[in-house]
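Visitor: task: produce atomic coordinates for the following.
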Amino acid sequence: MGLKLKLKPNESVFLSGALIRNAGSSAVLELLNEVPMLREKDILLGENAKSPCKKLYLIMQTLYFEEASREKLLLDFDALRKDVAKAAPSLKKALGSVGEKVENGQFYPALKELQKVIEIESQLIAHAKQPE
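Guide: Numbers count the residues shown, from 1 in each chain. Predicted coordinates for the structure are as follows:
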């Protein structure tokens, strides 16, 4: 059984290099094989990657869709992941888990886990900005 995608009206999905928008009412697509896919809400644009963890997400997102640059992207991802873990030790465990998924080629699960890491990072940044 494949993956079923339920698209709301005007919702988009990036599917194996193609951006697809539902132009009508609700639609259900069934993917019968495994291909890179992200919903519009999960796509991070380069200009929005302003924090270290969002930059990690952007690298991972590119890794997920682009095989040609995989070797360089993996090196960039690993270097930044280590830098972030050093700068924010509270993220080390979560980033280690993301790293394991990347090593195993599980890019989509790594992206989903990075979304959680970004939330934690946002909380850390907000806390750091609070006056004492």
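Visitor: where does I59 sit: helix, strand or coil?
Guide: helix (DSSP: H, G, I helix; E, B strand; the rest coil).
Visitor: and what of L75?
Guide: Under three-state DSSP, L75 comes out as helix.
Visitor: okay, now it: neighbour count?
Guide: L75: 11 surrounding residues under other CB atoms under 10 Å. Just so you know, the C-beta spots here come from the backbone N, C-alpha and C atoms, and that holds for glycine as well.
Visitor: also A68?
Guide: 7.
Visitor: ok, V102 next?
Guide: So V102, with other CB under 10 Å, has 24 neighbours.
Visitor: confidence score at the closest residue to it other than its chain neighbours?
Guide: Spatial nearest neighbour of V102, excluding adjacent residues (CB to CB, 6 or more residues apart in numbering): A110 at 5.1 Å. pLDDT recorded at A110 is 96.
Visitor: surely A110 meets M60?
Guide: Yes: counting by CB atoms under 8 Å, M60 is a contact partner of A110 at 5.6 Å.
Visitor: quick one, what contacts the residue nearest to V102?
Guide: Counting by CB atoms under 8 Å, 6 or more residues apart in numbering, A110 makes contact with M60, V98, K101, V102.
Visitor: now do the domain split for the chain, please.
Guide: 3-42, 46-129 (automatic domain parsing).
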